[in-house]
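Colleague: Fold the following for me, if possible:
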Amino acid sequence: MSTANVAGAVTSSSQGKGARVSAWSPSMTTGGPSFSNQTIRMVVHSSVAGSGARITLSNRYSTTPLDVSEVDVAVQASGGEATRGTTRNVTFGTSRHVTIPAGEEAVSDVVPISVSAGENLLVSLYLPGTTGMSTWHSACDTTCIASGNHTGDDGAAAFGTTTTSWYYLAGLDVLSPNVRGTVVAFGDSITVSSTSTRPCVTPRTRPPSTRPTTQATTSTPTTRA
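Modeller: Just a heads-up that it's a prediction; the model follows:
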């Protein structure tokens, strides 16, 4: 059963105040599996508290346009289950549907959801057609896959398949009241580590006297998992 809320227009008060920083971002690469009429539910670990979240979807390493019919984000309860009442619809240019050309990315509108430092969010994508080779990052948190559209489901009963990869999901950024920069780890698969619980990109706080970093930088993609 879905308890999703439509994001709609977000006012400045609901977005909060602070600097927009990258809270999570994996390195993406080519060669992922194809999907067709499936919902992918992925875990995103935010290492910083913030509000007014946005997500980035990447079709950078795919050869065909990516058709995404619906996207939802929710606070994780456990596994693939969302905390009831936290699900929010994600829009792109105020539309629930987005088509991302091959080689490009799309950043969502601001979503009225808050996240605590160390808290997990669930991002669910419904892909109605056949995607072809996906842009992905293998070896990560458990990802749940269901046939058909189950983006707004609070429960995980429909998600009968699990993997350990992120698909198309390339970033989460938030407005943070106290974080002014992002630490980026460059390296191969040893750097990210398939058994590590640490995110690929970690924000950090800076003393008021130091000059803040205004742009978050994501890590360079590698061809190794």
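Colleague: For the longest strand seen in the chain, which residues meet the burial criterion?
Modeller: Determined from DSSP state E, the single longest strand within the chain is strand 134-147. Residues Ser134, Thr135, Trp136, His137, Ser138, Ala139, Cys140, Thr143, Cys144, Ile145, Ala146 are the ones in strand 134-147 that count as buried (16 or more other Cβ atoms under 10 Å). The C-beta positions use only the backbone N, C-alpha and C, and glycine is treated the same way.
Colleague: Do you know the pLDDT at the third one?
Modeller: This points to Trp136. pLDDT, Trp136: 96.
Colleague: which ones are touching the residue lying closest to it once chain neighbours are set aside?
Modeller: Nearest residue to Trp136, sequence neighbours excluded (Cβ to Cβ, 6 or more residues apart in numbering): Gly32, at 3.2 Å. Residues near Gly32 by Cβ atoms under 8 Å, 6 or more residues apart in numbering: Met133, Ser134, Thr135, Trp136, Ser138, Ser165, Tyr167.
Colleague: Same check on Tyr167?
Modeller: By Cβ under 8 Å, 6+ apart, the contact list for Tyr167 reads Gly32, Pro33, Phe35, Ile40, Met42, Leu125, Ser134, Thr135, Trp136, Thr143.
Colleague: Please produce CSV containing the residues you listed, extended by distance to Ala82.
Modeller: Shown next, in CSV, are these (distance: Cβ to Cβ, whole Å):
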residue, distance to Ala82
Gly32, 24
Pro33, 24
Phe35, 21
Ile40, 14
Met42, 12
Leu125, 14
Ser134, 23
Thr135, 24
Trp136, 22
Thr143, 14
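Colleague: and of these, the nearest to Ser176?
Modeller: Set against Ser176, the nearest of the contacts of Tyr167 by Cβ to Cβ is Met42 (21.8 Å).
Colleague: Neighbouring strands - and their directions - for the strand or helix carrying the closest one?
Modeller: Per DSSP states H and E, Met42 falls inside strand 38-45. Strand pairing for strand 38-45, using DSSP bridges, gives strand 120-127 (antiparallel), strand 134-147 (antiparallel).
Colleague: Tell me the gap between the helix or strand just after it and the middle of its chain.
Modeller: Proceeding N to C from strand 38-45, the next assigned helix or strand is strand 51-58, under DSSP H and E. What separates the centre of strand 51-58 from the centre of its chain is 6 Å, taken as Cα atoms, centre = their mean, to the nearest Å.
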